[in-house]
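Colleague: Structure of the sequence below:
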Amino acid sequence: MVGLSALWLPILLSAVIVFVVSSIIHVATPWHKGDYLQMPNEDKVMDALRPFALPPGDYMVPRPSSAQEIRSPDFVEKMNKGPVLVLTVMPNGSVAMTKSLVLWFLYSAVVGLFAAYVASRALPIGASQARVFQLVGVTAFVGYTVALWQMSIWYRRAWGTTIRATVDGVIYALLTACIFGWLWPR
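Modeller: Residues are numbered from 1 along each chain as shown. Predicted coordinates for the structure are as follows:
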């Protein structure tokens, strides 16, 4: 067993590497360009929604108030008439990236921490790079990707978007596993 204090360097270095590579993937490549479609008649839709002053949050339209309402003729008609939406409303104004970038870095560090914890409980000092790579890689993959699949299963997020994010997660997990394999205590 390895103490977590011996793994702070790979935890932080993997978070830095994932942060840099994810920035390159999202900024310098067209890989995620098609993740969100542009709303037809965007200006008209925004003008129509603006008077409601929707506070930031996640909305479902139509949304039943109870399980019984789901089967009511009025609700069924709303669903059939449409549109049926899952909508995230963000605060007005320019997108402040600093907070999101800081949270993304912290998230990457937390994924590294969980990967370190799992590997440190299962592997001794001097474990083979292949075994470190295996345990850290699988744990990091789960941390970066598996929860994303629920969004396509339950909320109909485009599977293409989820698959691209999963490929990103594979890249991040491989990088994390390489860093840990390289820096595992000997």
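
Colleague: residues contacting the residue with the largest distance to the centre of the chain?
Modeller: Computed with Cα atoms, centre = their mean, the residue of the chain farthest from its C-alpha average is residue 73, at 36.8 Å. The neighbourhood of residue 73, defined by Cβ atoms under 8 Å, 6 or more residues apart in numbering, contains no residues. To be clear about C-beta, it is placed using only N, CA and C from the backbone, and glycine gets the same treatment.

Colleague: One more: residue 37?
Modeller: Here residue 37 is in contact with no residue (Cβ under 8 Å, 6+ apart).

Colleague: on that earlier part again, could you report the distance from the residue farthest from the centre of the chain to residue 113?
Modeller: Distance, residue 73 to residue 113, by Cβ to Cβ, to the nearest Å: 51 Å.

Colleague: Can you name the helix or strand that residue 91 falls in?
Modeller: Secondary structure from DSSP states H and E places residue 91 outside every helix and strand.

Colleague: Please point out which parts of the helix or strand hosting residue 175 sit buried.
Modeller: Here residue 175 sits within helix 159-183, counting by DSSP H and E. Neighbour counts using 16 or more other Cβ atoms under 10 Å place 161-162, 164-166, 168-169, 172-181, 183 of helix 159-183 among the buried residues.
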